[in-house]
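**Student:** make a model of this:
(one chain, ligands or ions: 1)
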Amino acid sequence: MSKTLLRNILTIAIFLAISWAVMSIEQNDYDDHNPEMAGYFEGDIMPDFPTRNGFPNRKWPNNTIKYVFSSSFTEAQKETVRQCCRELENKTCVRCRETIFLDYEYVYIKNDPVGCSSQVGCQYTWVQIMNLGPNCLKNHVIVCHEFIHALGFSHAHNSYDRDDHVRINFENIKEGNGYNFEKKEDSLDCLVPYDRESAMGYGPYVFSKNGNETITPLDGNYTGMGQRNRIADSDIEKINRMYCFNNCTATTNTTTSTTTTTAATTTIL
Ligand SMILES: [Zn+2]
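**Tutor:** Here you go, the predicted structure:
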C-alpha cells in the first residue's frame, strides 16, 4: 500500500470519527424561546457532571481555549465571537485560538438556530460542542456567557452562597425544572461572591410556570439581574483567579462546614 493511499485512508478515518462525535452530540432537544434556554441542564449547559459552579480541574491547557467554526458562520458572526475573545484576552490571561478541524481538544462551534449551549469546562476530549444560534450572536456578551461556561463556570444562581442573596421560589418553577436551581454546595468560586449582575446570572422569571418570580433578590434590588450587556467585574475576577492565580483553594467565606470540607478536598488545580 502506498504512503499516499495510507495517508488518504487515515485522513478519511479521522474525518469520519470527528463527524460521528459531532453528530452524536447534536442529537438533543432544544427550546428556542430564549436563546440560552436550549433544553439542556440549566437551560444552556450540555449534560455533564455540573456539581460545582467553578471547575478548576477543567481548566484549558496553557490557559488557551481552542475553537473551530462550523462552515455556516458568516464573517460578521465570527467577528462577534472574536470580540468576546478580545475582551477575555484583554482582561484575563485566558487566550482564544482559532484552530483547524484536525487539531485535538477544541470547541467545535455550531450555528444551529436552536439556542445557545456549551459544556462546562474543558472535557479533555478530541472535540467538544458549543452552539451559538443567530440569536446568541446579537452581542458578544451572550457569546462570552457560553465561553465562560466552556472555561469552567456554571450559573451564578447555582453558587453555594446564593441563599445569602436571593430566594428561589420553587413553587413558581415549571414542573421538571427544579434541578436548574440546585445549589452547588461544593462549588468553588475562587472566593468571588454571588453577583446579581454577573453575565452568568439569570433574570427573576427564568423557568417560571406562572409569570411569578423564580429568583427574588433578598435586598429588593433587581438591578442588572440577567443582564447581557457587559461582562461583570466579578466574572472577570473569577476567570483570573482560576486561570491566572490558581487561587481557588481557599476555604473561607463558605457557608457550612460541609461545604468547607468538600471544597478543600475536591480542588484540583
Ligand atoms: Zn448559561
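**Student:** quick one: the strands in the protein?
**Tutor:** 64-69, 95-98, 106-110, 116-118, 127-132, 166-168, 215-217 (DSSP state E).
**Student:** what comes into contact with the second one?
**Tutor:** Same thing as strand 95-98. Applying CB atoms under 8 Å, 6 or more residues apart in numbering, the contact partners of strand 95-98 are 62-69, 82, 85, 88-89, 147. The way it works is simple: take the backbone N, C-alpha and C, and place the C-beta from them, glycine included.
**Student:** list the buried residues of that strand.
**Tutor:** Cys96 (16 or more other CB atoms under 10 Å).
**Student:** average pLDDT for that strand?
**Tutor:** Strand 95-98 carries an average pLDDT of 98.
**Student:** which intervals of the protein have sub-threshold pLDDT?
**Tutor:** Low-confidence segments of the chain, defined by pLDDT under 70: 1-35, 37-43, 45-53, 184-190, 249-269.
**Student:** Ser117: neighbour count?
**Tutor:** By other CB atoms under 10 Å, the residues close to Ser117 number 29.
**Student:** now the nearest residue to Asn111 once chain neighbours are set aside: how far from Trp60?
**Tutor:** The shortest distance from Asn111 to any non-neighbouring residue, by CB to CB, 6 or more residues apart in numbering, is to Ser72 (4.5 Å). Ser72 sits 25 Å away from Trp60, taking CB to CB, to the nearest Å as the criterion.
**Student:** okay, those two: which has more neighbours?
**Tutor:** Shown here are Ser72 and Trp60; by other CB under 10 Å, Trp60 has more neighbours (22 against 11).
**Student:** quick one, what contacts the more buried one?
**Tutor:** Here Trp60 is in contact with Lys66, Val94, Cys122, Leu151 (criterion: CB under 8 Å, 6+ apart).
**Student:** looking at these, which is nearest Pro217?
**Tutor:** Closest approach between these and Pro217, by CB to CB: Leu151, at 26.0 Å.
**Student:** kind regards, and thank you for your time.
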